[in-house]
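Colleague: turn this into a structure:
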Amino acid sequence: MNLQMDISFVCECGEHVEDIVYVQDPDFSAEKNKDSQTDSWQEVYCASCDKEYIVQVTNTFYHAMASIDCGDVNLSFGTPYYPENETDELYWYIDNKTQHEILLNHLKSVRVLLEIDVPVDTLFSLWVMLHGHVVSAIEGYLAGTFIHKVTNSEKLIRKLVETDPEFSKRTFSLKEIFEKQSGLKVTVATYLKDLIFHDLKKVKPMFKDVLEHDFGDISWLFKDVIKRHDCVHRAGYDKDGEAIEVSKESILDLLEKVKVLADSVEMTINNLDEPNDPPF
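Modeller: Down below sits the predicted model:
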């Protein structure tokens, strides 16, 4: 597994660029740090203007760094790290039955944080962070709950294949069928995680088609997801530079809507059979 490093810089066109580069291991056969240096060069592109940058990544026993040899472009880089084992993460979703409990703990913590004393000029930043946290919490609950229920039921996996147009289009060779049968839960979990976490609008029809749960009107959630984008990427300001509308009252209202939504899901899934011995 290769080391990774997060990098960021401002392109000459003004666009903020964030990417991940790989970090080559140092030369472990070297006796001294100065002789352990390794270098690699990787291409990074600006999504706005498509300009190509060459990033040099240097690593030694004691230090790793990245640089761009391009005029006045200043590159920031983080500490190298190993990516999480994705399969382990998927099995956490497959095996974890406590999604609702985790969500309720998040909501409880937010209520406590809303009552702490902070300077008035700090309240906006606090509310921005809490709004983003609540939206991420309900997204995680919906995705985790769906993945857990579906991957632990042969019946629900079949319903997913029959009702989801993208998944049903997938074709496998006979060899792949035998290979994938033993890891079918991971295959399904991978597909669902990539889909649900990046496209919330697909959650509603999937819950309806596979779990037979109707969310009703959740237009409020889609609006709050858009607001969360401004919270995370612009620290509470929209693309026009205007502060978003967020307050203690708006977060309390969001907390209540999220709890009602999750409670309704729990009522539905608690009536679904979950075998003690999963089929795969």
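
Colleague: for stretch 252-269, give the mean pLDDT please.
Modeller: Averaging the model's pLDDT scores along stretch 252-269 yields 95.

Colleague: may I see the buried residues of that stretch?
Modeller: By 16 or more other CB atoms under 10 Å, the buried positions in stretch 252-269 come out as 254-255, 257-258, 261-262, 265-266, 269. (Each C-beta comes from the backbone N, C-alpha and C, glycine too.)

Colleague: surely residue 264 meets residue 211?
Modeller: No. Taking CB atoms under 8 Å as the definition, residue 264 is not a contact partner of residue 211, at 11.5 Å.

Colleague: which SS class is residue 122?
Modeller: Taking DSSP: H, G, I helix; E, B strand; the rest coil as the rule, one finds residue 122 in the helix state.

Colleague: gap between residue 48 and residue 15?
Modeller: Note on residue 48: its distance to residue 15, by CB to CB, to the nearest Å, is 4 Å.

Colleague: and residue 217, by the same measure?
Modeller: 37 Å.

Colleague: now intersect the buried residues of stretch 252-269 with the helices, please.
Modeller: When these are checked against helices using DSSP state H, the ones located there are 254-255, 257-258, 261-262, 265-266, 269.

Colleague: nearest to residue 81 among the residues you listed?
Modeller: Closest approach between those and residue 81, by CB to CB: residue 258, at 31.4 Å.

Colleague: need the three-state assignment for the closest residue to that closest one other than its chain neighbours.
Modeller: Nearest residue to residue 258 in three dimensions, chain neighbours excluded: residue 138, at 4.7 Å (CB to CB, 6 or more residues apart in numbering). Three-state secondary structure (criterion: three-state DSSP) places residue 138 in helix.

Colleague: how about the contacts made by residue 138?
Modeller: Residue 138 makes contacts with 103, 221, 258, 261-262, as judged by CB atoms under 8 Å, 6 or more residues apart in numbering.

Colleague: between those residues, which sits nearest residue 150?
Modeller: Of all the contacts of residue 138, residue 150 sits closest to residue 262, with 17.4 Å by CB to CB.

Colleague: gap between the closest one and residue 255?
Modeller: Per CB to CB, residue 262 is found 11 Å from residue 255.

Colleague: mind listing the shared neighbours of these two?
Modeller: Between them, residue 262 and residue 255 have no joint contacts when contacts are counted by CB under 8 Å, 6+ apart.
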